[in-house]
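Q: this one's sequence-less:
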């Protein structure tokens, strides 16, 4: 049954000349930055912020703070389903791949794949299934088997020859912490990832990513004001080099300052006990234009698109595959 699903990768450079492709998820955060009158200035400023953050963290043998630059590629994954009969390819996920360029040696160093995470099926789960389930429920909850299909599809991709032929390490996804949970600072401190935080109870996102085979740890890097959530499958501290980790921190810390300034561009840093809030007023805005309301609206539209073009027409195939999936 598994060989009915095939994966195709497309790579697109994310730079100041980036234009979203026609079939990209328009809720993808980096696509949001690349539209409108401020498009090129947005992109240029974002990339400069990433490079500055990288050089601040990779400060050894870097006296002027200009040794490194980070190149980004958008990796779009399409899944071929029932290829023999329909030849139909469904857009599945988009992630970012970092490459570090050492300007002193002209060496190109592989970074981390993952970072940002966009998924059509996740849009469907959160913007259609979850909303429908809770319309008539007295208390918020998740339906039975919530996220199971998405988790199996993600693990199937990461275990595929397509992934292994293109990337030599498992993905690391870096997201905002949940604004419904409280995080507590620990004594553990990593030289790059910074101070570790823990929480008593997993968030809905944590549980969703666990079904994708990913564990979570929370770290607040040096000169950050809030912890980031790192989702990974192996040993976050042992499997990746300092430069690889810095490429993820610099990229996602920058994006979160743009997307979640109330949390990641706050004017005071998280304390020993920390509950993030999007209602926090003491924060600074970047000079980068980002439309958060549009993103929320489009997530629902794209969740409905997935339902009509993927979940409903291939329901029987997906059910059978999921039932037989040994992942």
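A: Right, received. Where do you want to start? In this text, all values refer to a predicted model and were calculated from it rather than measured experimentally. Residues are numbered from 1 along each chain as shown.
Q: low-scoring stretches of the stretch 201-327 of the chain, by residue?
A: Along the stretch 201-327 of the chain, segments meeting pLDDT under 70 span 289-296, 326-327.
Q: what are the boundaries of the helices in it?
A: Ranges of helices in the stretch 201-327 of the chain, per DSSP state H, counting those that start in this stretch, are 204-210, 236-239, 242-259, 261-264, 292-306, 315-324.
Q: what's near enough to touch the residue lying closest to residue 6 once chain neighbours are set aside?
A: Sequence neighbours aside, residue 80 is the residue nearest to residue 6 in space, at 4.1 Å (criterion: Cβ to Cβ, 6 or more residues apart in numbering). Every residue, glycine included, has its C-beta placed from N, CA and C. Counting by Cβ atoms under 8 Å, 6 or more residues apart in numbering, residue 80 touches 5-8, 87-90.
Q: is residue 80 part of a helix or strand, or is it coil?
A: strand (DSSP: H, G, I helix; E, B strand; the rest coil).
Q: closest to residue 110 out of the contacts of residue 80?
A: Closest approach between the contacts of residue 80 and residue 110, by Cβ to Cβ: residue 7, at 20.2 Å.
Q: pairing partners for the one helix or strand that closest one maps to, with directions?
A: Here residue 7, judged by DSSP states H and E, is contained in strand 6-14. If you go by DSSP bridges, strand 6-14 pairs up with strand 68-81 (antiparallel).
Q: quick one: list the elements packing against the following helix or strand past the strand it pairs with.
A: Counting by DSSP H and E, the element after strand 68-81 in chain order, helix or strand, is strand 88-102. The contact analysis (3 or more Cβ pairs under 8 Å, 6 or more residues apart in numbering; DSSP states H and E) places strand 88-102 against strand 6-14, strand 68-81, strand 107-119, helix 120-124, helix 148-158, helix 242-259.
Q: can you point out the buried residues in the next helix or strand after the fourth one?
A: Next along the chain after helix 120-124, taking DSSP H and E as the criterion, comes helix 130-134. Buried positions in helix 130-134, judged by neighbour count with 16 or more other Cβ atoms under 10 Å: residue 130.
Q: now do the contacts for residue 251.
A: 50, 70, 72, 96, 98, 115-116, 174.
Q: from those, pick the one nearest residue 318.
A: Nearest member of the contacts of residue 251 to residue 318, counting by Cβ to Cβ, is residue 116, at 25.5 Å.
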